[in-house]
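In: what's the 3D shape of this:
(2 chains)
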2 protein chains.
Amino acid sequence: MLTFIGLGLYDEQSITVEGRDALQNADRAYAEFYTSKLLGATAADLEAAHDVDIEVRDRTGVEQHPDDILEAAESEDVAFLTAGDTMISTTHVDLRLRAHDRGIETRVIHGVTAQTAASSLTGLQNYRFGKATTLPFPYAHGADGLPASVTDTIDANREDGLHTVVYLDIKVDHELTDEDEYMTADVGAELLAEAYPDLVGVVVARAGSPDPLVAAGTMSELAEREFGDPLHLLVVPGECHALEADALVELADANRDALETN
Amino acid sequence: MLTFIGLGLYDEQSITVEGRDALQNADRAYAEFYTSKLLGATAADLEAAHDVDIEVRDRTGVEQHPDDILEAAESEDVAFLTAGDTMISTTHVDLRLRAHDRGIETRVIHGVTAQTAASSLTGLQNYRFGKATTLPFPYAHGADGLPASVTDTIDANREDGLHTVVYLDIKVDHELTDEDEYMTADVGAELLAEAYPDLVGVVVARAGSPDPLVAAGTMSELAEREFGDPLHLLVVPGECHALEADALVELADANRDALETN
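Out: Numbering: from 1, shown residues only, chains lettered A, B, ... in the order given. Okay, here's the model as predicted:
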């Protein structure tokens, strides 16, 4: 049995009770933190909190050499841990299908996602979000200006009155510096201000942590501010219902008039 | 302090460890189950599992008479519980803003949502979903045929190659029968088959439970099948990447050729 467990957004407490029990009852546990990671807990913190051993795999160890994970899962209960929800990344779906091909039973125990948190922290209703997009680092994107994937998504959603989640790029174990690099919301807003200087954005920082921050402003304004520790993301509100506008004014200090022209 | 806690999707184990700790440390706990409920646990099950007392409020008790909840939160740690994530319903946002108006500190502890589960159980990538929609019971909708809100959403997403989550109507404590009524996926598919008989849909039943089911077929085919206990929802896949198609074929028994023309 191979059980995929989403660890949720922030630390060792972000997992569900069901997920924690499955982890503690597993014969072996593997994790990957190259698609996303917990900012509030290391693998050692997870091991200590849940009293388990966890083998952390890099991309090669999951995508090229998953055979020992799969072999173990043929005869034992194996847990595979990821930050956020599991299956968010294609690499998890691929591993699940490989298990399926071998006749190994699989199970999914969900975790909280950033999309969920972006909706509930801002008060914007979840069914009024369109497609999400990711804003890449300029060096990763490799061209001047904003990628069309970002502007097309924001434009199409605005045309339909829908909100947009803009995920900000993450490079885990950057190849040059060997450090993790997180695009902060001021950098994201500065990039977006090239095309949309007066568009209202909402920063959501540290979603799922005990210390989240929600702050609204035009992209030009947000580019001049700082929002503390990662992870950050941006939401571009579309047409707001009365209560959505109230929530952004009250909780994120949005300018009501600016919201109406968004 | 007023802490909004999402209970997650299914039973008393679906809450996060952080949420459970906050619930157990609260001086008082309230819950509402009129916007959504847990199919795998009653309020009494939650009380027993977490060793707390929970006062369940109906809609009037939250929306018209929240004063005692707010008064308690001025001097004590009060938990307010909801199924799924909190803030999914406007009624929660409204309560949060009322607390904010009184100067009460509020906090949000997230829970897993059906949208998250729909993505990870099907293997469809979360950033390739467009706006979601809800299919109402015909008697609630009050007109013949499918509401334009449903067909417009599905059509717009398909045009953009995006997947659509179709939530199926729930009536908690139906006014005539006093029982809960859940639209099952066969009924939802039958309604959708009026407009889209050959469109491939994917049923997701009992997401977040130990016994979820994922099954693909045309709307006409799905209308003839049964999918067991609620809750059910439907996903309409848009254009599928290779791995998304593989996942639907492997995990949901989809017909690969039919998917390509969806």
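In: what's around the nearest residue to residue A:27 once chain neighbours are set aside, how many residues?
Out: Using CB to CB, 6 or more residues apart in numbering or on different chains and skipping the chain neighbours, the partner closest in space to residue A:27 is residue A:76 (3.9 Å). To be clear about C-beta, it is placed using only N, CA and C from the backbone, and glycine gets the same treatment. Residue A:76 has 12 neighbouring residues, counting by other CB atoms under 10 Å in any protein chain shown.
In: Write out the residues of the stretch 51-200 of chain A neighbouring chain B.
Out: A:85-88, A:90, A:93-94, A:96-97, A:100-101, A:107-108, A:110-113, A:115-117, A:119-121, A:123, A:125-134, A:156, A:160, A:162, A:167 (CB under 8 Å from any CB of the partner chain).
In: can you pull the buried residues of stretch A:123-137?
Out: Across stretch A:123-137, burial judged by 16 or more other CB atoms under 10 Å in any protein chain shown covers A:123-126, A:128-137.
In: where's the residue of chain A most remote from its centre relative to residue A:188, distance?
Out: Distance from the C-alpha centroid of chain A, by CA atoms, centre = their mean, peaks at residue A:75 (32.6 Å). Distance check for residue A:75 against residue A:188: by CB to CB, to the nearest Å, it reads 46 Å.
In: circling back: which of the residues of the stretch 51-200 of chain A next to chain B count as buried?
Out: Buried among those by 16+ other CB under 10 Å: A:85-88, A:90, A:93-94, A:96-97, A:100, A:108, A:110-113, A:115-117, A:119-121, A:123, A:125-126, A:128-134, A:156, A:160, A:162, A:167.
In: Span of stretch A:160-171 from start to end?
Out: When the termini of stretch A:160-171 are compared using CA to CA, to the nearest Å, they are 32 Å apart.
In: Can you give me the buried ones in it?
Out: A:160, A:162, A:163, A:164, A:165, A:166, A:167, A:168, A:169, A:170, A:171.
In: Pull out the CA atoms of the worst-scoring helix or strand of chain A on mean pLDDT and give them to me as PDB.
Out: Between all helices and strands in chain A, the lowest mean by mean pLDDT, DSSP states H and E belongs to helix A:138-141, at a mean of 76. Presented in PDB, the C-alpha positions along helix A:138-141 are these (Å, rounded to 0.1, in the frame of the first residue of the first chain):
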ATOM      1  CA  PRO A 138      12.600  36.800 -15.000                       C
ATOM      2  CA  TYR A 139      15.800  34.700 -15.300                       C
ATOM      3  CA  ALA A 140      13.700  31.500 -15.300                       C
ATOM      4  CA  HIS A 141      11.300  32.900 -17.900                       C
END
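In: Next, the residues that contact it from outside, please.
Out: Residues outside helix A:138-141 that contact it (CB atoms under 8 Å, 6 or more residues apart in numbering or on different chains) are A:144, A:147, A:169, A:171, A:191.
In: count of neighbours near the last one?
Out: Applying the criterion other CB under 10 Å, we find 25 residues in the vicinity of residue A:191.
In: ok so, going back, which pair in the contacts of helix A:138-141 spans the largest distance?
Out: A:144 and A:171 (19.8 Å; CB to CB).
In: Residue ranges of each domain in chain A, please.
Out: As assigned by automatic domain parsing, chain A contains the domains A:2-109, A:114-260.
In: Which of the ones you listed has the lowest mean pLDDT?
Out: Ranked by mean pLDDT, the domains of chain A end with domain A:114-260 in last place, scoring a mean of 93.
In: gap between the two ends of that one?
Out: 26 Å.
In: now stretch A:14-28
Out: For stretch A:14-28, the end-to-end distance is 20 Å (CA to CA).
In: And that stretch, how far out from the chain middle?
Out: Here stretch A:14-28 is found 21 Å from its chain centre; the criterion is CA atoms, centre = their mean, to the nearest Å.
In: quick one: buried residues of it?
Out: A:14, A:15, A:16, A:17, A:18, A:19, A:20, A:22, A:23, A:26, A:28.
In: what kind of secondary structure is residue A:215 in?
Out: Assigned by DSSP: H, G, I helix; E, B strand; the rest coil, the conformation of residue A:215 is strand.
In: Quick check: closest non-adjacent residue to it.
Out: residue A:203 (4.7 Å).
In: Check residue A:258 too.
Out: residue A:200 is the one closest to residue A:258 (CB to CB, 6+ apart), at 5.1 Å.
In: which stretches of chain A form strands?
Out: With DSSP state E as the criterion, chain A has strands at A:2-6, A:28-32, A:55-57, A:78-82, A:106-109, A:133-135, A:164-168, A:170-171, A:181-182, A:200-205, A:213-218, A:232-236.
In: Run through the residues that contact the nearest residue to residue A:232 once chain neighbours are set aside.
Out: Spatial nearest neighbour of residue A:232, chain neighbours left out: residue A:185 (3.9 Å); criterion: CB to CB, 6+ apart. Residue A:185 is in contact with A:168, A:203, A:205, A:222, A:227, A:232, A:233, A:234, counting by CB under 8 Å, 6+ apart.
In: what's the burial count for the last one?
Out: Counted by other CB under 10 Å, the residues lying close to residue A:234 total 25.
In: Skipping its backbone neighbours, what lies nearest residue A:196 in space?
Out: That would be residue A:219: by CB to CB, 6+ apart, it lies 5.3 Å from residue A:196.
In: these two touch, right, the one you found and residue A:187?
Out: No - applying CB atoms under 8 Å, one finds residue A:219 not in contact with residue A:187, separated by 11.4 Å.
In: ok, these two, which is more surrounded?
Out: residue A:219 (22 against 17).
In: if I look at the residue lying closest to residue A:201 once chain neighbours are set aside, how far off is chain B?
Out: Leaving aside its sequence neighbours, residue A:201 sits nearest to residue A:234 (CB to CB, 6+ apart; 4.9 Å). Distance from residue A:234 to chain B, counting by CB to the nearest CB, to the nearest Å: 15 Å.
In: quick one: residue A:234 and residue A:192 touch, right?
Out: Yes - here residue A:234 lies in contact with residue A:192, judged by CB under 8 Å, at a distance of 7.2 Å.
In: shared neighbours of these two, which are they?
Out: A:135, A:166, A:201.
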